[in-house]
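*Asks:* got a structure for you, letters missing:
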């Protein structure tokens, strides 16, 4: 019959009740590979050779020096992501890790300046006070939107976003203004940090001390989420606010404290940038680590252990971005775009995990 | 052809339940047909099939003699079938008019508000309803909302109207208005299916009645050729007025004293207008009334979930009005909220998490900072056994449990003395048996009675009068934010209870 | 303070505000139908980038048109993710924003711009290939009206996109509240399952509004670049898309009120530049740069107070994907 060629395709989308770990890993890796493919297409369109770009990216993970550099970048990213894992656990959409990091940088630089300009703090106390200040300031920066959400239901996505810009411009203001190094030839830079205020004091190499700090924080976050009262409360609040209220959980307290810890950890992430990677404060010191952290934490499914390797991967991408910019004259935006693509395809992968799509051909009754 | 609808051999399975078992049903033009049965008898399922919400596993649907397939409410509406659900499907922030014309292509691109508003007003007036089509739905009473639902169908020329327990949210006065309008609609030749579990309504309004039990049609009869006791027998399948073996324990001392309690509802309207009520230890006090007369607000204020505007709630001499929920929990108040999945059970968390959702913060399960999971799991094992919760493991997600098991889980959490190792002083149970099957309902009843014997005072909110009369030591009737009467079961007949629920003061409040 | 000064400030206020107005118009439609388009910032910056490149290559009108198409395309992608795949709208919106910012970053590099421009229009002269700026959209004063003191400068001496934004505010308000389509959109955002049962194609409505919001966001970016501030730098829109999101709440999802809100925000930003001219913050201009963002936070707090929240409700199913049960 002539009609046989017009047998319809039937697309059936069914919700999966269960999906295996294997499927989960498979979709994650496919997402990364598809993102490479789509990015490559774009590179070709704008006149670049994708293979050349990829070989540079791959090279980062093959070279010991560059890998060490990736570790360094992974530290602020990972710390911010660990903070976010607490916020996201209680369904608090903190998009403000970037701003909380800037506040951490600001606070730790402030301590250094107090020390350098006024000699108020003894040498041996400087670093510990920096850590404390970074935690407190980052924490407060996240605490405010958390408190506003808990008390007045102010949309935290927008407030945390806005506070990113406020923090960024605040740092700009200080560094172009009162905090500018008088001996810095007019460049917008703070004074260089003295050695004992740098994280290199541990093991002589920031990457090692930083990684240790990251792992320790992961342990702490794991314990908070799994074994503490607060962790249990975060889980219930994240699940359903009405139910948490019914269970007698003090919502404002949990959200505010949770927000404080989340922001505090991100603040320490900010500290690692100025006192670990750069050694002084400059404007736009974070190339978007706080936003990358969102991708990292969602990719790790809020699992503190997974956050570490995933951060290293994204740290490597940042290193690759710098190299591409220096050698191929490809903008750093390439990395941002690539990150966004991975993010997008991971999210689509989430759909593939949740639903089973079958395409059959034939007439359905 | 007088048959508007004919359903033949309808079968519908849900996982684990046979909701409709080979059901036949007919609706004639111009008749009001009552569909009677207990909760879970399969009435609503059958009507949802006719309305296109469910597809039957097998069986045939005929409308005006034509065999048809209904795969969505959209199809049903096109065929002239309309349904008014128990929970109104209206958009509160839109006007009546906007709710009525939504989805109607006939109104044209630019909506002629003036003309349509006039049409709706006229249509409403023809049934004796006075409404302003430009009023917002959130401003309306339950009765008016129902009128809007009906207008929505009538404006679309629906000929087959299905009403699912339409009187459950209405006052007596509103019921009367509804019944008059329905009779008028029937005279115009429409067919009306009236789902109910209340016998008196069957006689007040229907021409014919079909009784369903356990998914089957037991009988279809002219209403004039039967009587209440016959229908009741068909409905429950056993002699009515069964009573629970209940050894009455002498009440001693007050578990809770509520004085002149006032509170606002979510819309800022005064919903509790001065409630006075005492529950003694060893006593079950049932609170009955038409839904929406302040019951929900009352339990929420006691549980600390809603602010009290005035008055006091004394437990052991301590005023707990406006205390925080955790403080009230610590004082020994157990709260079984309505709608477990909305207020009480987190479906994505495990059974253990749900069991210890309140006790996790107290000794010996927590030292103030850390949680002792070992002790929690050990205790959880014990609770699962004691409360007969059937589940594969403690780490199973709560959403995989059945309704009865969920209710047992809540009972275990609230009553088993996890907090302070004592039985609760006061148990506030809001509609604890709603939607449960008979076995689960009995378990809840037995458990409550057992705890009242052990010494708890129990405040039991129910919309089922018979249930309340059966297990309560005293019954309080709530109307318009006040307790309008308190009596012992057997002291007052049903007619007087009905009057009280409608707001007529019969017995002086004790 | 001369009258010229006042006129200039008001004119700038409207011009600045138009960025927010255009972006929020589309977003209002998307949110009214229940879709939160958090990709607004990304779509906006892509609109700016597109208008930058294409106005050099082909001139203004094609650039505006192509910018709208690019935005619509991004809106379409969002609709697939958020409406059809029912993914978390916050996450997919954020992903699209990051993607837009990343993609637009490429145009910062002169070599890449040159490559693209040569492909688009090989006859472009050398200096056009490397320029950081585009030609500004010409102002078209409306005869007679533009001579009215104060109001003339404020409302009738602008480029075509400003007029377009005002006309569309009114038109989109009318459609939303006075027509069947508008009623359908609003109902889908309030109670999609009910709309569905009454024969409304919920998915189609949501797809359409999401695409519209993308087109308008991108138009806002194009306007910002070629109509207001035609000098390219990385991250040129600087979070204005996010401010527009807050503005939608302030406007309580009404296109008419969005005009007022947009000009309010435009005014704050203009005010900030004026203060800089007066020498305030001369030491470091960045202090005042925080102002619009702080202002947005304060706005969000004010509209979240109990008494105000009772009067204005967000669309009831905003951000919740719709899936039909059985």
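*Replies:* Yep, that arrived. Just so we're clear, the structure is a prediction, and the values are computed from it rather than from any experiment.

*Asks:* So, low pLDDT: which residues of chain A?
*Replies:* A:1-8, A:10-12, A:16-19, A:360-365 (pLDDT under 70).

*Asks:* Beyond the longest helix seen in it, next helix or strand please.
*Replies:* Taking DSSP state H as the criterion, chain A has its longest helix at helix A:123-152. Downstream of helix A:123-152, the first helix or strand assigned by DSSP states H and E is helix A:156-176.

*Asks:* all helices in the stretch 351-500 of chain B, in order from the N-terminus.
*Replies:* Ranges of helices in the stretch 351-500 of chain B, per DSSP state H, counting those that start in this stretch, are B:351-355, B:373-386, B:403-415, B:438-454, B:465-471, B:494-501.

*Asks:* Tell me which of the ones you listed sits nearest to residue C:266.
*Replies:* Using CB to CB as the measure, helix B:351-355 is the one of the helices of the stretch 351-500 of chain B that comes nearest residue C:266, at 49.7 Å. All C-beta atoms are positioned from the backbone trio N, CA, C, and that covers glycine.

*Asks:* any bit of that closest one sitting next to chain A?
*Replies:* Yes: Helix B:351-355 is in contact with chain A by CB under 8 Å from any CB of the partner chain, via residue B:353.

*Asks:* What of stretch B:407-422?
*Replies:* No: judged by CB under 8 Å from any CB, stretch B:407-422 makes no contact with chain A; its nearest approach is 9.1 Å.

*Asks:* By neighbour count, which bits of that stretch are buried? Give me those.
*Replies:* Buried positions in stretch B:407-422, judged by neighbour count with 16 or more other CB atoms under 10 Å in any protein chain shown: B:407-416, B:418-419.

*Asks:* Any idea how far it is from the middle of the chain?
*Replies:* Stretch B:407-422 sits 24 Å away from the centroid of its parent chain (CA atoms, centre = their mean, to the nearest Å).

*Asks:* repeat for stretch B:210-219
*Replies:* On CA atoms, centre = their mean, the centre of stretch B:210-219 falls 21 Å from that of its chain.

*Asks:* Can you give me the buried ones in that stretch?
*Replies:* Buried, per 16+ other CB under 10 Å, within stretch B:210-219: B:210-218.

*Asks:* which of those sit farthest apart?
*Replies:* Top of the distance list for these (CB to CB): B:210 and B:214, 14.2 Å.

*Asks:* State the pLDDT value of the closest residue to residue C:266 other than its chain neighbours.
*Replies:* Residue nearest to residue C:266 in three dimensions, not counting chain neighbours: residue C:17, with 2.7 Å by CB to CB, 6 or more residues apart in numbering or on different chains. Listed pLDDT for residue C:17 reads 95.

*Asks:* before we move on, which element is residue C:17 in?
*Replies:* helix C:3-32.

*Asks:* Mind giving me the packing neighbours of that helix?
*Replies:* Helix C:3-32 is packed against helix C:40-58, helix C:151-156, strand C:157-158, helix C:160-178, helix C:180-190, helix C:202-222, helix C:240-250, helix C:255-277, with contacts defined by 3 or more CB pairs under 8 Å, 6 or more residues apart in numbering or on different chains; DSSP states H and E.

*Asks:* How about the helix or strand following the longest one and chain A, touching?
*Replies:* Which is helix C:255-277. Helices and strands here follow DSSP H and E; after helix C:255-277, the next one along the chain is helix C:286-289. Yes: for helix C:286-289, a contact with chain A is found by CB under 8 Å from any CB, at C:286-287, C:289.

*Asks:* Return the distance of helix C:286-289 from the chain's centre.
*Replies:* 22 Å.

*Asks:* swap in stretch B:480-500?
*Replies:* The answer for stretch B:480-500 is 19 Å, by CA atoms, centre = their mean.

*Asks:* Could you give me the buried positions within it?
*Replies:* Those would be B:480-487, B:489, B:492, B:496-497, B:499-500, for stretch B:480-500 by 16+ other CB under 10 Å.

*Asks:* Same question for stretch B:172-185.
*Replies:* Result for stretch B:172-185 [16+ other CB under 10 Å]: buried residues B:174-175, B:177-179, B:181-182, B:185.

*Asks:* need the residues of the stretch 151-300 of chain C near chain B, please.
*Replies:* Residues of the stretch 151-300 of chain C lying near chain B (CB under 8 Å from any CB): C:178-181, C:183-184, C:186-187, C:190-191, C:193-200.

*Asks:* Let me know the secondary structure of residue B:194.
*Replies:* strand (DSSP: H, G, I helix; E, B strand; the rest coil).

*Asks:* Now the closest residue to it other than its chain neighbours: which helix or strand?
*Replies:* Closest residue in space to residue B:194, ignoring its immediate chain neighbours: residue B:34 at 4.9 Å, by CB to CB, 6+ apart. Using DSSP H and E, residue B:34 falls within strand B:32-36.

*Asks:* Whichever residue of chain C sits closest to chain B - how many residues pack around it?
*Replies:* In chain C, no residue comes nearer to chain B than residue C:198, which is 3.2 Å away by CB to the nearest CB. Residue C:198: 21 surrounding residues under other CB atoms under 10 Å in any protein chain shown.

*Asks:* didn't it look like it was pressed against residue B:101?
*Replies:* No: using CB atoms under 8 Å, residue C:198 makes no contact with residue B:101, being 9.6 Å away.

*Asks:* Mind telling me which residue of chain A is nearest chain B?
*Replies:* Counting by CB to the nearest CB, chain A gets nearest chain B through residue A:248, at 3.4 Å.

*Asks:* Okay, strands next: where are they in chain A?
*Replies:* A:9-15, A:355-361 (DSSP state E).

*Asks:* The longest helix of chain A and chain C, are they touching?
*Replies:* Yes: Helix A:123-152 is in contact with chain C by CB under 8 Å from any CB, via A:148, A:152.

*Asks:* Now that helix: buried residues?
*Replies:* Applying 16+ other CB under 10 Å to helix A:123-152 flags A:126-127, A:129-150 as buried.

*Asks:* Stretch C:265-273 now?
*Replies:* Going by 16+ other CB under 10 Å, stretch C:265-273 has these buried residues: C:265-272.

*Asks:* Nearest to chain A among the residues you listed?
*Replies:* Taking the buried residues of stretch C:265-273 together and measuring to chain A by CB to the nearest CB, the closest member is residue C:272, at 11.1 Å.

*Asks:* Is it correct that the closest one is in contact with residue C:287?
*Replies:* No: Residue C:272 is beyond contact range of residue C:287, at 9.7 Å (criterion: CB under 8 Å).

*Asks:* got a list of what the residue in chain C that chain A sits nearest to touches?
*Replies:* Proximity of chain C to chain A (CB to the nearest CB) peaks at residue C:105, 2.3 Å away. By CB atoms under 8 Å, 6 or more residues apart in numbering or on different chains, residue C:105 lies in contact with A:331-334, A:336-337, C:234-235.
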